[in-house]
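Visitor: Pasting the sequence and the predicted model now:
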Amino acid sequence: MQVRSASYQHMQERQRDEITKSVHDFYTAYPYPLLASPFSRFHRSFVKRLVKLWGFDPHNLRGLRLLDAGCGTGEKSVYLASMGAEVTAIDICERQLAYAKRLAEKHSLDIEFKRADILQMALNKRFDGIMCLGVLHHTPDAWEGFAKLCSHLTENGRILLGLYNTYSRVHYRILRTAVRGLHGNDPKEIMRFINTSPLALPLRTASEHTLYDRYAVPYESYHTLGEVRRRFAENDMVIDAISPSTLMNNDLLTQLYWLARGKSFFIVAGHKE
C-alpha cells in the first residue's frame, strides 16, 4: 500500500512538473500580452477599472505595496508603478520578464522583477494588494497557488483574482478539444491552422497574441463561483466584488448568464480578514 502511495505521489509530482514546464516553454515562445503601450487609452481605462474593483483609488496608488503575480510582459505592472505604487512583479518565464524589465526602463519606472513560481514563491515580504489575473488556471494547482498568494497579504490586504469559468468557458473548451484533435498539441501547428485555414475564419476574433493564449496554451483549468467562495473562506478571505456582475444572487444562473454573454473569464476581488 505504501509502495502504491509513493508511486502515485511520484506520478503526481511528475505531472505537475510537466504542466509547469509546458506552460513555461509556451510563454517563452509566445510572450503575452505584448501590448503596443501600457498607456494607450484602452489599457489606461482597463487598469483603472481593475484598480477600482480591487478596492483602491484608481487615480493614486502612492504608499501601496503591490504584487503583480504572473506579470507577463509587464504592462499592468508599469501602469501601477506610474500611479505611485511600489510594485513587485513576478513571472515564471524569463523571456516575459525581460520584456517587462525593458518596458519599465523605457518609462523610467522602478519595479522589482523576480522570476518565481507562484506555487513555490517565498518573497519575504507582504503586500497591501496582490493582482493575479489569468495566471492560476495555468498552474498545476490553482488553489495551492491562491493560498500561497494569500499568505503574502498584509492584514486587510486585498486580492484581485481572475480565472476561467467552468460553465461560461465551455465553448472555448469544445473548440480547443476539436482543434487539438485535428492538429495535436503543437502550438505552431495549432496557430498555423487558426491563421490560415478557411475553416478557422470564425475563430479569428481577436489579436494573434490573444488567439495563441486562447487556443494554443498547453494547460488550463476551470473554476466555478461556488468553488471560489469556498476557497476564499478557507483562506480567511472576504469577497468584496465579482465581475462580470452576478445575477439574482444565484451562482448557477450567473454562470449561465455569463455563458450566454460570452464572458468566459471572471474576476473576484476580496480582502483578508
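Guide: Nice, thanks for sending it over. Numbering: from 1, shown residues only.
Visitor: what are the ranges of the helices in the stretch 51-200 of the chain?
Guide: Taking DSSP state H, counting those that start in this stretch as the test, the helices found in the stretch 51-200 of the chain are 75-82, 94-106, 142-150, 170-183, 187-196.
Visitor: Mind putting the ones you listed into JSON lines with distance to residue 58, mean neighbour count and mean pLDDT?
Guide: Quick note: C-beta positions are derived from backbone N, CA and C, even for glycine. Written out in JSON lines, the entries for the helices of the stretch 51-200 of the chain read as follows (distance: least, CB to CB, whole Å; neighbours: other CB atoms under 10 Å; pLDDT from 0 to 100):
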{"stretch": "helix 75-82", "distance to residue 58": "10", "mean neighbour count": "25", "mean pLDDT": "98"}
{"stretch": "helix 94-106", "distance to residue 58": "20", "mean neighbour count": "17", "mean pLDDT": "98"}
{"stretch": "helix 142-150", "distance to residue 58": "22", "mean neighbour count": "21", "mean pLDDT": "98"}
{"stretch": "helix 170-183", "distance to residue 58": "30", "mean neighbour count": "14", "mean pLDDT": "92"}
{"stretch": "helix 187-196", "distance to residue 58": "35", "mean neighbour count": "16", "mean pLDDT": "92"}
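Visitor: These: which one's closest to residue 15?
Guide: helix 142-150 (13.8 Å; CB to CB).
Visitor: Name the residues that touch that closest one?
Guide: By CB atoms under 8 Å, 6 or more residues apart in numbering, the residues outside helix 142-150 that reach it are 67, 69, 118-121, 130, 132, 135-136, 139, 159, 161, 163, 221, 223, 231, 234-237, 272.
Visitor: Any quick PyMOL command for the buried ones out of these?
Guide: Those of the contacts of helix 142-150 that meet the burial criterion (16 or more other CB atoms under 10 Å) are gathered into one PyMOL selection, given here:
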select buried, resi 67+69+118+119+121+130+132+135+136+139+159+161+163+221+223+231+235+237+272
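Visitor: just how off-centre is the longest strand seen in the chain within its chain?
Guide: Selection of the longest strand in the chain by residue count, based on DSSP state E, yields strand 153-164. Relative to its chain's centre, strand 153-164 lies at 12 Å (CA atoms, centre = their mean, to the nearest Å).
Visitor: Ok, stretch 206-224 next?
Guide: Using CA atoms, centre = their mean, the offset of stretch 206-224 from its chain centre is 11 Å.
Visitor: ditto for stretch 101-116
Guide: The chain centroid and the centroid of stretch 101-116 are separated by 19 Å under CA atoms, centre = their mean.
Visitor: What is the end-to-end distance of that stretch?
Guide: Across its full length, stretch 101-116 reaches 15 Å end to end, with CA to CA, to the nearest Å as the criterion.
Visitor: Mind listing what's buried along the lengthiest helix in the chain?
Guide: Longest helix in the chain by number of residues (criterion: DSSP state H): helix 2-29. Of the residues in helix 2-29, those buried by neighbour count under the rule 16+ other CB under 10 Å are 19-20, 23-24, 26-27.
Visitor: Distance to residue 253 and pLDDT added to those, as TSV?
Guide: Conversion of those to TSV gives the following (distance: CB to CB, whole Å; pLDDT from 0 to 100):
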residue	distance to residue 253	pLDDT
19	32	97
20	36	97
23	33	96
24	38	97
26	35	94
27	35	95
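Visitor: rewinding a little: what is the longest strand of the chain packed up against?
Guide: helix 41-54, strand 127-133, helix 142-150, strand 265-272 (3 or more CB pairs under 8 Å, 6 or more residues apart in numbering; DSSP states H and E).
Visitor: what's the angle from the third one to strand 153-164?
Guide: Relative orientation of helix 142-150 and strand 153-164, computed by axes from the mean of the first three to the mean of the last three CA atoms, to 10 degrees: 150 degrees.
Visitor: can you check the shortest one too?
Guide: Between the axes of strand 127-133 and strand 153-164, defined by the same axes, to 10 degrees, the angle is 10 degrees.
Visitor: what sits up against strand 127-133?
Guide: Contacts of strand 127-133 from elsewhere in the structure, counted by CB under 8 Å, 6+ apart, are 50, 54-56, 64-70, 76, 80, 88, 118, 145, 149, 152-154, 157-162, 267.
Visitor: Dump that strand to PDB, restricted to CA.
Guide: Below are the C-alpha coordinates for strand 127-133, written out as PDB (Å, rounded to 0.1, in the frame of the first residue of the first chain):
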ATOM      1  CA  PHE A 127       1.700  43.300   0.200                       C
ATOM      2  CA  ASP A 128      -1.200  45.600   0.500                       C
ATOM      3  CA  GLY A 129      -2.600  44.200  -2.700                       C
ATOM      4  CA  ILE A 130      -2.000  41.300  -5.000                       C
ATOM      5  CA  MET A 131      -3.200  41.100  -8.600                       C
ATOM      6  CA  CYS A 132      -3.200  37.700 -10.300                       C
ATOM      7  CA  LEU A 133      -5.200  37.700 -13.500                       C
END
